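**Q** when you get a sec, could you give me coordinates for this:
(one chain, ligands or ions: 1)
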Amino acid sequence: MPKLILIYFDFDGGRGEAARLTMHIAGIPFEDKRIPGKEWPAQRDKTPFQAMPVLEVDGKVITQSNTINRYLGKLAGLYPKDDWQAALADELMDAVEDISTKIGNTMALEDEPKKKAREALAAGPIPRFLKQIEARLKAGGGEWFVEKRLTVADIKCFLWVRWLKSGALDHIPADIVDKQAPLLAKHLERVKNHPKIAAYYAARGK
Ligand SMILES: N[C@@H](CCC(=O)N[C@@H](CS)C(=O)NCC(=O)O)C(=O)O
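**A** Here you go, the predicted structure:
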C-alpha cells in the first residue's frame, strides 16, 4: 500500500470527506492532514489547482475529489471493476458534484443575493437532481447505486444528502430530501448505519 496523506479542511464533510470514509472503511492507513481555514491562503498556491482535497501518494500528488474517490475506491475495493458499473458510479459522483458546486457557489454571497440564489436552487435544480439521482438509485435496485453494495458512489451521495438535511444551508428547507426523494433519505440512513461509518463518527464524537 502506498503512503497516503489526505489534505483537506478541518471539518467532517465537504469534498474531502468521501476519501476519509473510503480509507477508514477499508482500514487503509493514511495521514489525515487537516488545514485550518486561516492557514489556507498561505497553502493555496502550493496546491496544483488552488483547491483541496489533495491526496499525496508516495510523495506525488493528485487532486479533484472524484478522481481521488475513484483511486481510493479501487484501493479499498469500493469501486466497481466492471466498466459499465464503474461508469454508472462515475456518473453518479459527477452529478452530485455538479449540484454540490451550484450550492457551493452560494456560500460566499452576501445575505440578500444568497437568499435569492438558494431559493432559486430549492425551487428547481435541487429537487430535479434529487429526483434524477433517486431514479438512479431505483435503477440500481433501490438500496445501493451499483453492484448492490456500498461503493464510493453511495458515500458521495450520502455526504451531499447529509449536507442538505443538516439544516446548515439557510433558505434551503432541511426537509427537501424527505419531500422530494424519500428513497435518498432512506439511503442516507443505510450508509450512516454501515458499521464502519457509524464506528468512525462515534469515535469522532459525531
Ligand atoms: N473540482 C474540485 C473542486 C475543489 C474545490 O473547490 N475545493 C474547495 C473546498 S471543497 C476549495 O479548495 N476551496 C478553497 C478555495 O477555492 O480557495 C474537486 O472536486 O476537488
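
**Q** moving C-terminal of the helix or strand residue 43 falls within, what's the next helix or strand?
**A** Assigned by DSSP states H and E, residue 43 belongs to helix 40-44. Note on helix 40-44: by DSSP H and E, the next helix or strand toward the C-terminus is strand 54-57.

**Q** buried residues in the helix or strand following that next one, which are they?
**A** Once the chain leaves strand 54-57, the next helix or strand it forms, by DSSP H and E, is strand 60-63. Within strand 60-63, the residues scored as buried using 16 or more other Cβ atoms under 10 Å are residue 63. Bear in mind the C-beta positions are built from the backbone N, C-alpha and C, glycine included.

**Q** Three-state assignment for the most centrally placed residue in the chain, please.
**A** Centroid check for the chain by Cα atoms, centre = their mean gives residue 156 as the closest residue, at 3.5 Å. Under DSSP: H, G, I helix; E, B strand; the rest coil, the three-state class of residue 156 is helix.

**Q** with just CA atoms, put the lengthiest helix in the chain into CSV.
**A** Taking DSSP state H as the criterion, the chain has its longest helix at helix 83-104. Extracted C-alpha coordinates of helix 83-104, given in CSV (Å, rounded to 0.1, in the frame of the first residue of the first chain):
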residue,chain,number,x,y,z
ASP,A,83,-16.5,-0.9,-16.8
TRP,A,84,-20.3,-0.3,-17.1
GLN,A,85,-20.9,-0.4,-13.4
ALA,A,86,-17.8,1.9,-13.0
ALA,A,87,-19.3,4.3,-15.5
LEU,A,88,-22.6,4.4,-13.5
ALA,A,89,-20.7,5.1,-10.3
ASP,A,90,-18.7,7.9,-12.1
GLU,A,91,-21.9,9.4,-13.5
LEU,A,92,-23.5,9.5,-10.1
MET,A,93,-20.5,11.1,-8.4
ASP,A,94,-20.2,13.7,-11.2
ALA,A,95,-23.9,14.5,-10.9
VAL,A,96,-23.6,15.0,-7.1
GLU,A,97,-20.5,17.2,-7.8
ASP,A,98,-22.5,19.3,-10.3
ILE,A,99,-25.3,20.1,-7.9
SER,A,100,-22.9,20.5,-4.9
THR,A,101,-20.9,23.0,-6.9
LYS,A,102,-24.1,25.0,-7.7
ILE,A,103,-24.9,25.1,-3.9
GLY,A,104,-21.2,25.8,-3.0
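
**Q** strands of this structure, start to end?
**A** 4-9, 31-35, 54-57, 60-63 (DSSP state E).

**Q** so what are the sheet partners of the first one and their directions?
**A** Think strand 4-9. strand 31-35 (parallel), strand 54-57 (antiparallel) (DSSP bridges).

**Q** so can I have CSV of the ones you listed showing distance to residue 167 and mean pLDDT?
**A** CSV is the format used below for the strands paired with strand 4-9 (distance: least, Cβ to Cβ, whole Å; pLDDT from 0 to 100):
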stretch, distance to residue 167, mean pLDDT
strand 31-35, 24, 98
strand 54-57, 30, 98
